[in-house]
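*Asks:* Dropping the sequence and predicted coords here.
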Amino acid sequence: MSDAAPAIARDAPIYVAGHRGMVGSAIVRRLEAGGYGHILTATRAELDLRDRRAVDAFLAATRPAYIFVAAAKVGGIFANATQPADFIADNLAIALNLIEGAHKAGVERLLFLGSSCIYPRDCPQPIREDYLLTGPLEPTNAPYALAKIAGIGLAEAFNRQHGRRYVSVMPTNLYGTGDNYDLATSHVLPALIRKAHEAKLAGAPTLTLWGTGTPKREFLHADDLADACVFLMETGYAGPLLNIGTGEDLAIRELADLVCRVVGYRGEIVHDLTKPDGTPRKLLDVSRLHALGWRHRIGLEEGIALAYADFLASAG
Ligand code: GFB
């Protein structure tokens, strides 16, 4: 911990941007469980985060003591590859409006959420925070990654020039309650839950996996991420860029086998090789986070079972 800052008071106004998303809603639940009683939120209809004037007015009126930037346009490999303009433009606007807006409104502390795809495509593994900007990005998600890198740069610049304590954290691939199960835009884990469930119900002989199944990914439950974010807020973390993950990964094919086991689908897995593999591997080095005293709690198999229950509840 770099600063022995006091913990945020239980009645301090805390703004969670993106509270309807998987990460933002997990942060709100974690704050409520921790006894925080003044959580600020605004729906997309109430506040368009791409609208600078609206953001300035909201922050001037509410004056949060702390902001979690969990709002973003996110999606899986296919959505990123097919909507590059939306991914860079929306995420750049959200980062600039919230970070500069926070500074103008006198907000001292803020946590900006990025993603592990900010690191170069062919990074040494596990990926340490200081590998940022040491090589070319993975093309399928470069526009999204560039917007997130700009957010990190913005936070650092306001800290350096104006003495703010804005923190950037880089979570690994996430899944959890309220995930996106739309096969065209989702990430791999929710896609596999849906595919396995539907194949089981239909008695289908095969389930189709995109790509070769050899890329490796690390998965963190959104509730664990939320716990880490609140831990950093409470301990006054004001240090440099920080990875948040489990430190463990597996091949997409192994993930598919695990999801099929949890869901109870016993058919054959086949590959659609017209779909991209993306980054070959992105395992985060989480030693900096572990040294601060935080570790994830939800194992992958348990987390998939929780996510499957959530999928069934939302489908039903
Ligand atoms: O989760 P995913 O879409 O995102 O894909 P990325 C991970 C891997 O799973 C890729 C394979 O190798 C996919 O080809 N895969 C297999 C599938 N079957 C499926 C399927 O049915 N659906 C999906 N979506 N994938 C994203 C980035 O990259 O991860 C974002 O585009 C962000 O910018 C996010 O960083 C966390 O891990 O490849």
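*Replies:* Arrived safely.
*Asks:* List, one by one, the residues from the stretch 101-250 of the chain near the ligand.
*Replies:* For the stretch 101-250 of the chain, the residues in contact with the ligand (C-beta under 6 Å from any ligand atom) are 115, 117, 140-141, 144, 173, 186-188, 191, 209-211, 215, 217. Yep, even glycine has a C-beta here, placed from its N, CA and C like the rest.
*Asks:* My guess is Val270 contacts Leu209. True?
*Replies:* Yes - between Val270 and Leu209 there is a contact at 7.1 Å, judged by C-beta atoms under 8 Å.
*Asks:* the more surrounded of these two?
*Replies:* Per other C-beta atoms under 10 Å, whichever of Val270 and Leu209 has more neighbours is Leu209, with 21 against 12.
*Asks:* mind checking which helix or strand that one is in?
*Replies:* Leu209 belongs to strand 206-210 when assigned by DSSP states H and E.
*Asks:* Next secondary structure element downstream of that strand?
*Replies:* strand 216-217.
*Asks:* That next one packs against which elements?
*Replies:* With contacts taken as 3 or more C-beta pairs under 8 Å, 6 or more residues apart in numbering; DSSP states H and E, strand 216-217 sits against strand 250-251, helix 252-263.
*Asks:* Out of these, indicate the one that is most buried.
*Replies:* Mean neighbour counts were compared across the helices and strands packed on strand 216-217 using mean count of other C-beta atoms under 10 Å; the top stretch is helix 252-263, at a mean of 20.
*Asks:* Tell me where the stretch 151-300 of the chain has strands.
*Replies:* For the stretch 151-300 of the chain, applying DSSP state E, counting those that start in this stretch gives strands covering 165-171, 173-175, 206-210, 216-217, 219-221, 242-244, 250-251, 268-272.
*Asks:* want to throw the ones you listed into a markdown table with mean pLDDT?
*Replies:* Formatted as a markdown table, the strands of the stretch 151-300 of the chain follow (pLDDT from 0 to 100):
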| stretch | mean pLDDT |
| --- | --- |
| strand 165-171 | 98 |
| strand 173-175 | 98 |
| strand 206-210 | 98 |
| strand 216-217 | 98 |
| strand 219-221 | 98 |
| strand 242-244 | 98 |
| strand 250-251 | 98 |
| strand 268-272 | 98 |
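*Asks:* any idea how far Gly247 lies from Leu289?
*Replies:* In this view, Gly247 and Leu289 are 9 Å apart by C-beta to C-beta, to the nearest Å.
*Asks:* So which of the two has more stuff around it?
*Replies:* Leu289 (23 against 18).
*Asks:* Next up, the contacts around that one.
*Replies:* By C-beta atoms under 8 Å, 6 or more residues apart in numbering, the contact list for Leu289 reads Ala228, Leu242, Asn243, Ile244, Gly245.
*Asks:* and which of the residues you listed is nearest to Asp56?
*Replies:* Of all these, Asp56 sits closest to Leu242, with 28.0 Å by C-beta to C-beta.
*Asks:* doesn't Ser287 make contact with that closest one?
*Replies:* No - with contact defined as C-beta under 8 Å, Leu242 does not reach Ser287; the gap is 10.8 Å.
*Asks:* Among these two, which residue is more densely surrounded?
*Replies:* More crowded of Leu242 and Ser287, by other C-beta under 10 Å: Leu242, with 22 against 13.
*Asks:* what bits of the chain have low per-residue confidence?
*Replies:* 1-6, 316 (pLDDT under 70).
*Asks:* where along it do the helices fall?
*Replies:* Using DSSP state H, the helices of the chain run over residues 22-33, 52-62, 77-82, 84-104, 142-162, 188-202, 222-234, 252-263, 287-292, 300-315.
*Asks:* Quickly compare these and say which is most buried.
*Replies:* Among these, helix 222-234 has the highest mean neighbour count (mean count of other C-beta under 10 Å), at a mean of 23.
*Asks:* Can you show me the CA trace of that one as CSV?
*Replies:* Extracted in CSV, the C-alpha atoms of helix 222-234 (Å, rounded to 0.1, in the frame of the first residue of the first chain):
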residue,chain,number,x,y,z
ALA,A,222,-17.1,-10.6,-11.2
ASP,A,223,-17.9,-10.9,-7.5
ASP,A,224,-14.2,-11.5,-6.8
LEU,A,225,-13.3,-8.5,-8.9
ALA,A,226,-15.8,-6.4,-7.0
ASP,A,227,-14.3,-7.6,-3.8
ALA,A,228,-10.8,-6.6,-5.0
CYS,A,229,-12.0,-3.2,-6.1
VAL,A,230,-13.6,-2.4,-2.7
PHE,A,231,-10.6,-3.8,-0.9
LEU,A,232,-8.4,-1.3,-2.9
MET,A,233,-10.8,1.5,-2.0
GLU,A,234,-10.9,0.6,1.7
